[in-house]
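In: Everything below, folded, please.
(one chain, ligands or ions: 1)
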Amino acid sequence: MATSTVENYLKALLRQEEETGSTTVGEIAKELAVTPGTVTTMMKHLEEENLVVYQPRKSLSLTLEGRAAALKVVRRHRLIELFLVQIMELDWSEVHEEAEILEHVISDRLLDRIDRMLGEPTHDPHGDPIPDRDGNLVQFEATPLDEAEGGKYRIVRVSDDDSDLLGWLNQNGLTIGEEFALAHPDRAAGLLEISRSTGAKVQLGIQAAGQVFVEAVSA
Ligand SMILES: [Zn+2]
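Out: Alright, predicted model coming up:
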């Protein structure tokens with residue numbers, strides 16, 4: 001079984017490949033807050049393990065085996081988050097940090113049990129898709145709110161690692177599935193105003209809005 005450090009590298013590689021289609025030593029170093037030299041050493045190790053293909057200064061990517069291993073960690077992370085919210089009744093702002101730890105230690109047997117207990121769920125509490133047991137990950141298109149034009153929207157996903165923002169969103173009723181209207185946004189002001197279905201108006205900074213992903217609701 002891979003160490004937790006290796007698993008965190010695999011997760012970072014997967015996330016960047018999913019988000020931008022590629023990754024580099026520099027980007028991994030930035031994401032994991034380590035030096036590029038540390039990443040290079042790890043990539044050589046992962047190449048020996050047949051988890052990445054690494055050509056210094058040229059290319060870096062997960063092998064099929066590396067991708068499968070990364071998807072397993074992501075599956076554990078997201079199922080644990082959902083378990084902590086639904087069964088343990090933790091707030092969605094508190095579960096990411098716990099899942100970051102538990103994802104490296106939980107057994108397959110316990111994870112299977114959690115999966116069945118939750119009814120083989122497809123999404124975690126933040127709207128991220130849960131890879132299935134065969135490692136299939138369904139991606140969906142969602143627009144970051146800071147790039148949305150005026151219109152009606154539904155929240156489908158929020159970034160899971162900023163617990164202050166998650167707490168604030170919760171307080172303001174901005175959770176997964178919530179619908180709202182966005183008036184023509186004035187990006188120069190750095191602030192968006194949305195109207196909730198309750199009529200309440202909520203103002204969001206552009207940066208916070210970039211962590212909230214929406215899909216259009218047809219009128
Ligand atoms: Zn998380």
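
In: Return the residues in contact with Glu98.
Out: Ile80, Glu81, Leu84, Leu90 (C-beta atoms under 8 Å, 6 or more residues apart in numbering). The way it works is simple: take the backbone N, C-alpha and C, and place the C-beta from them, glycine included.

In: Any buried residues in the lengthiest helix in the chain, and which?
Out: For the chain, the longest helix by residue count, based on DSSP state H, is helix 64-86. Buried residues in helix 64-86, defined by neighbour count with 16 or more other C-beta atoms under 10 Å: 66-67, 69-85.

In: got it, and stretch 194-208?
Out: Using 16+ other C-beta under 10 Å as the test for burial, stretch 194-208 gives Ile194, Val202, Leu204, Ile206, Ala208.

In: So which other helices or strands are in contact with the helix or strand where Tyr9 lies?
Out: Using DSSP states H and E, Tyr9 sits in helix 4-20. Counting contacts by 3 or more C-beta pairs under 8 Å, 6 or more residues apart in numbering; DSSP states H and E, helix 4-20 packs against helix 25-32, helix 36-48, strand 59-62, helix 64-86.

In: could I get the second one in CSV with only the CA atoms?
Out: Coordinates of each C-alpha in helix 36-48 appear next as CSV, following Å, rounded to 0.1, in the frame of the first residue of the first chain:
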residue,chain,number,x,y,z
PRO,A,36,10.6,21.6,-7.0
GLY,A,37,13.7,19.5,-6.0
THR,A,38,11.5,17.5,-3.5
VAL,A,39,8.9,16.9,-6.2
THR,A,40,11.6,15.8,-8.7
THR,A,41,13.0,13.3,-6.2
MET,A,42,9.4,12.0,-5.6
MET,A,43,8.7,11.8,-9.4
LYS,A,44,11.8,9.6,-10.0
HIS,A,45,10.5,7.3,-7.2
LEU,A,46,7.0,7.2,-8.6
GLU,A,47,8.4,6.4,-12.1
GLU,A,48,10.3,3.4,-10.6
